[in-house]
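S.K.: No sequence on hand, only this structure:
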């Protein structure tokens, strides 16, 4: 990763993949009455029975985080630039928290690493998106400055 001048924007490939799957599903639903499910039945982060699931056609939910999957390579690169040293090398790094968002109200901060939601281990940003879209309330476990902190009753908001 090379830092350049100016600002760049990137969409995680897992978000692009999900968008394409949902677009194809919507397209096939207009031509056919049988819905096509893209969710794996063994994925614990997809709650197909939950009426607030975004794939059921209800409104989406958000926390208000700018985040990135934390890998050992990213942790090393950030540490080598004089940034923080990460105790956890897997999880989701919170890059920024939107003002007046559910995440800010709950006390989440830039630099926190999300390691679990509702007791399930989190290893990538897609899992955070999926959990957020499927639940009105979350319990998030983070690592902040080397200490594990669990924050209960975080309310997600409809977009």
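M.R.: Structure received. Not measured: the values here are computed from a predicted model. Numbers count the residues shown, from 1 in each chain.

S.K.: If you count contacts, what does the helix or strand hosting residue 133 end up packed against?
M.R.: Using DSSP states H and E, residue 133 sits within helix 125-134. The contact analysis (3 or more C-beta pairs under 8 Å, 6 or more residues apart in numbering; DSSP states H and E) places helix 125-134 against helix 13-31, strand 61-62, strand 65-70, strand 91-97, strand 113-117. Placement of C-beta: from N, CA and C, glycine included.

S.K.: My read is that residue 72 contacts residue 89, right?
M.R.: Yes: Residue 72 is within contact range of residue 89, at 4.5 Å (criterion: C-beta atoms under 8 Å).

S.K.: picking up where we left off before, could you give the angle of the helix holding residue 133 to strand 65-70?
M.R.: 140 degrees (axes from the mean of the first three to the mean of the last three C-alpha atoms, to 10 degrees).

S.K.: show me what contacts residue 79?
M.R.: 85, 86 (C-beta atoms under 8 Å, 6 or more residues apart in numbering).

S.K.: Next, it: secondary structure please.
M.R.: helix (DSSP: H, G, I helix; E, B strand; the rest coil).

S.K.: let's have the chain start at 595 instead
M.R.: Will do, 595 is the new start, and the previous item becomes residue 673.

S.K.: Least reliable of the helices and strands packed on helix 719-728 by average pLDDT, please.
M.R.: Ranked on mean pLDDT, the bottom entry among those is helix 607-625, at a mean of 65.

S.K.: Give me the more crowded residue out of residue 666 and residue 683.
M.R.: Comparing residue 666 with residue 683 by other C-beta atoms under 10 Å, the one with more neighbours is residue 683, at 13 against 10.

S.K.: Help me confirm that that one is found in a helix?
M.R.: No: according to three-state DSSP, residue 683 belongs to no helix; its state is coil.

S.K.: OK, contacts around it?
M.R.: 664, 665, 666, 669.

S.K.: Is residue 698 within a helix or a strand, and which one?
M.R.: Residue 698 belongs to helix 696-700, assigned by DSSP H and E.
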